[in-house]
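# Kindly return the folded structure for what I paste below:
(chains A, B, C and D)
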There are 2 protein chains.
Amino acid sequence: MNTLSYGLLSLLSNSADSGYDLMRKIQPFWPAKHSQIYPLLAQLESGGYVQHTLVVQSDKPDKKVYSITPIGKEALRSWLTEPACEPNTRDELVLKLYCMEQGELADIRRLLETRVAYSQDKLAWLQAKLEVYSLQQPPPPLGTLLLMKKAEYHFESDLSWSEWALRQLVERQNQEEPNPR
Amino acid sequence: MNTLSYGLLSLLSNSADSGYDLMRKIQPFWPAKHSQIYPLLAQLESGGYVQHTLVVQSDKPDKKVYSITPIGKEALRSWLTEPACEPNTRDELVLKLYCMEQGELADIRRLLETRVAYSQDKLAWLQAKLEVYSLQQPPPPLGTLLLMKKAEYHFESDLSWSEWALRQLVERQNQEEPNPR
DNA sequence: ACGCCCATGTAACTAGTTACATGATTTG
DNA sequence: CAAATCATGTAACTAGTTACATGGGCGT
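Numbers count the residues shown, from 1 in each chain, chains lettered A, B, ... in the order given. Take a look at the predicted model:
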């Protein structure tokens, strides 16, 4: 049982889902491809943590809808008593910024502009989703709200930072080419 | 050439360093163990991107100090012209929060308290480091500043979120046990 | 017609972690 | 006297990505 397995159980503890949907839902919190998820679900099923029923669809391919079992819930319960391991972030942009002196300012500027746009998109998408959730009756479980708020905090700060960084860069650029013409 | 290789080159473009030091410096931006770094450095050397000189030390074990070559700098230059891939974060805590209904509120509370303390520590450490850097003469390269500021933004937001989440949880806890005695 | 979305799976590979191995020096 | 730090490396494993494979429906 690795972290991704627990993550899948965690999603299933809120609602039954197909492997395909689990894959998309877990992306923002724990990136994983379908090729990793399908075998894990089979493994979880053979361990008795989940079970599936085949749902036949006419317009779309048939799917396996997985649901959590009492054994799965017990596994989550004991997992929750253990401390969480430290979060880790891998961001290629920061590695690039560290050696920015080696390249063209225009390239670095493009990288930062891309990041600004990315954060804006993510933030807008999240806020739309939070809006929907706030109107929902009955209100969604507290866990869901905490997650979405965490993502909102994160992208707000990422946006602020990247905008600030871009301003720093533009300042530097102006210093290097003062008084055009 | 994978991202970690470029990351090592990026660090070396600012200062020559031993594998051991590179390992510690790259941690915050791209977690990696020494067992991954040493073979990569050997590979980078055989590709002509870096070279090392043996530095004999009396009080500590001898070390190999790597420095970047013109070929390495050229590799960085072309890497900087390519777009950076999207950042990804893996945080076990969010997976745990998502299934918090399955466990005890006290356990969840402990998890959040741990996170609050963690963010506070990181933030304090960073701000001390930023303080040192601001006094430094000559000022450090812009890239370094951008990175440290990014980390500061990040831990500030993480701290705000985790404190907010903890308040939400305590509220919920009070609702469940109203008017003690 | 071409490509994307849905849906599931396996095979081959790369990336990353844990464990094994060694050994001196400093700190509690 | 035990544990941490410095320093390098390899071996064995787990985790994660890319590529291969299939196939109907839907939009342009």
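# what's the spacing between residue A:94 and chain B?
Distance from residue A:94 to chain B, counting by Cβ to the nearest Cβ, to the nearest Å: 5 Å. Yep, even glycine has a C-beta here, placed from its N, CA and C like the rest.
# Distance of that residue relative to residue B:179?
As judged by Cβ to Cβ, to the nearest Å, residue A:94 and residue B:179 stand 50 Å apart.
# out of the two, which sits in the more crowded spot?
Per other Cβ atoms under 10 Å in any protein chain shown, whichever of residue A:94 and residue B:179 has more neighbours is residue A:94, with 21 against 5.
# can I assume that one is in contact with residue B:29?
Yes: counting by Cβ atoms under 8 Å, residue A:94 does reach residue B:29; the two are 4.9 Å apart.
# care to break chain A down by domain?
Per automatic domain parsing, the structural domains of chain A span A:3-81, A:92-176.
# quick revisit: and for residue A:94 and residue B:29, which residues touch both?
The contact sets of residue A:94 and residue B:29 overlap at residue B:147 (Cβ atoms under 8 Å, 6 or more residues apart in numbering or on different chains).
# one step back: with mean pLDDT and distance to DNA strand D added, can I get the domains of chain A in TSV?
Below are the domains of chain A laid out as TSV (pLDDT from 0 to 100; distance: least, Cβ to the nearest atom of the strand, whole Å):
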stretch	mean pLDDT	distance to DNA strand D
domain A:3-81	97	3
domain A:92-176	95	12
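# list the contacts for residue A:123?
A:152, A:155-156, A:159.
# helix or strand for it, which one?
Assigned by DSSP states H and E, residue A:123 belongs to helix A:105-135.
# Write out the residues of chain A neighbouring DNA strand C.
Near DNA strand C, the residues belonging to chain A are A:18-21, A:24, A:34-35, A:38-39, A:41-42, A:57, A:60-64, A:88, A:90 when assessed by Cβ under 7 Å from any atom of the strand.
# For burial, what's the neighbour tally of residue A:111?
Close neighbours of residue A:111, defined as other Cβ under 10 Å, add up to 24.
# quick one on the thing from earlier: which two of the contacts of residue A:123 have the greatest separation?
For those, the maximum inter-member distance is 10.7 Å, found between A:152 and A:159 (Cβ to Cβ).
# hey, C-alpha coordinates of stretch A:73-87 in CSV?
Taking C-alpha atoms only, stretch A:73-87 is exported to CSV below (Å, rounded to 0.1, in the frame of the first residue of the first chain):
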residue,chain,number,x,y,z
LYS,A,73,-12.5,2.1,5.3
GLU,A,74,-10.6,0.5,8.1
ALA,A,75,-7.3,0.9,6.2
LEU,A,76,-8.1,4.6,5.8
ARG,A,77,-8.9,5.0,9.5
SER,A,78,-5.5,3.6,10.5
TRP,A,79,-3.7,5.6,7.8
LEU,A,80,-5.2,8.8,9.2
THR,A,81,-3.7,8.2,12.6
GLU,A,82,-0.2,8.2,11.1
PRO,A,83,1.7,11.5,10.4
ALA,A,84,1.6,12.7,6.8
CYS,A,85,5.0,12.8,5.1
GLU,A,86,6.3,16.2,4.0
PRO,A,87,4.9,17.8,0.8
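# in that stretch, what's buried?
Neighbour counts over stretch A:73-87 (16 or more other Cβ atoms under 10 Å in any protein chain shown) mark A:73, A:75-76, A:79-80, A:84 as buried.
# And stretch A:111-126, by the same measure?
Neighbour-count burial for stretch A:111-126, counted by 16+ other Cβ under 10 Å, picks out A:111-112, A:115-116, A:118-119, A:122-123, A:126.
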